[in-house]
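Undergrad: predicted coordinates and the sequence they were generated for:
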Amino acid sequence: GAVVSQHPSRVICKSGTSVKIECRSLDFQATTMFWYRQFPKQSLMLMATSNEGSKATYEQGVEKDKFLINHASLTLSTLTVTSAHPEDSSFYICSALAGGPTDTQYFGPGTRLTVL
Amino acid sequence: AQSVTQLDSHVSVSEGTPVLLRCNYSSSYSPSLFWYVQHPNKGLQLLLKYTSAATLVKGINGFEAEFKKSETSFHLTKPSAHMSDAAEYFCVVSDRSSASKIIFGSGTRLSIRP
């Protein structure tokens, strides 16, 4: 149980285009999902917290107009990188809370974004 | 405030020997503590978690960790390393009343020598 999927697993795009990444909780409902970014050989950096039916809460320094987050249902959150640039190339990982706020975050397999 | 320190950025052991990955935490509240493993270009997999029950927590793949409040530690151990254990390991702390804000350690890369 508590499986989180991400799609796509890898994406390569041209500079200036937008890319959408999907995060799904497959066997549970997640009122809260999280988006992280991970640079090579570094730990995860929280970008934003996504709550179903409301606006996402962004961490300091994360541009909300650059990284659009939508949490339209209890099983799906999307991250759209708008007007992507090479510096946006990174590994993006989502997670979802299963159960109440005291439960565990379960992580997706990640999406490798490369912007040419 | 919460913080977590993984004392070793890289640990290398021989296959079949014990593994010890160290983690110390600081928390103003009763913490929940987790260990996650990440294989190259993969997401994070939960190994084990401590909330408020037994201080010795058994996880998957033969790993276990002991919560020691007096030492503010939550070290991860395994009696006998396997080649497939080579990966990055993250110690994570959160406020037990809210799993929304979790703090990651910097990670420990575990290498296994044949």
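TA: Sure, I can see it. On a predicted model such as this, the values are computed, not experimentally measured, just so you know.
Undergrad: show me what the nearest residue to B:Cys91 once chain neighbours are set aside is bridged to.
TA: Computed as CB to CB, 6 or more residues apart in numbering or on different chains, the closest residue to B:Cys91 that is not its neighbour in sequence is B:Cys23, at 3.5 Å. Backbone N, C-alpha and C define where each C-beta goes, glycine included. Under DSSP bridges, the beta-bridge partners of B:Cys23 are B:Gln6.
Undergrad: contacting residues for B:Cys23?
TA: Listed by CB atoms under 8 Å, 6 or more residues apart in numbering or on different chains, the contact partners of B:Cys23 are B:4-7, B:33, B:35, B:65, B:73-76, B:91, B:105.
Undergrad: do that again at 7 Å, thanks
TA: When contacts are counted by CB atoms under 7 Å, 6 or more residues apart in numbering or on different chains, B:Cys23 touches B:Val4, B:Gln6, B:Ser73, B:Phe74, B:His75, B:Leu76, B:Cys91, B:Gly105.
Undergrad: and for A:Thr17?
TA: A:Thr17 makes contact with A:Ala84 under the criterion CB under 7 Å, 6+ apart.
Undergrad: separation between it and B:Ile112?
TA: In this view, A:Thr17 and B:Ile112 are 41 Å apart by CB to CB, to the nearest Å.
Undergrad: over to A:Met45?
TA: Distance from A:Met45 to B:Ile112, by CB to CB: 28 Å.
Undergrad: between the two, which one's more packed in?
TA: Set A:Met45 next to B:Ile112 and count neighbours by other CB atoms under 10 Å in any protein chain shown: B:Ile112 wins out with 19 against 16.
Undergrad: for the host helix or strand of the more buried one, buried residues please.
TA: Element membership for B:Ile112, per DSSP states H and E: strand B:108-113. Of the residues in strand B:108-113, B:Thr108, B:Arg109, B:Leu110, B:Ile112 count as buried by neighbour count, 16 or more other CB atoms under 10 Å in any protein chain shown.
Undergrad: tell me, how many residues neighbour residue 9?
TA: Since no chain was named, I'll use chain A. For A:Ser9, the tally of surrounding residues (other CB under 10 Å) stands at 15.
Undergrad: that's the wrong chain, I wanted chain B
TA: Using other CB under 10 Å, B:Ser9 has 10 other residues around it.
Undergrad: wait, it sits on B:Ser111?
TA: No - the pair B:Ser9 / B:Ser111 is not scored as a contact, 11.5 Å apart, by CB atoms under 7 Å.
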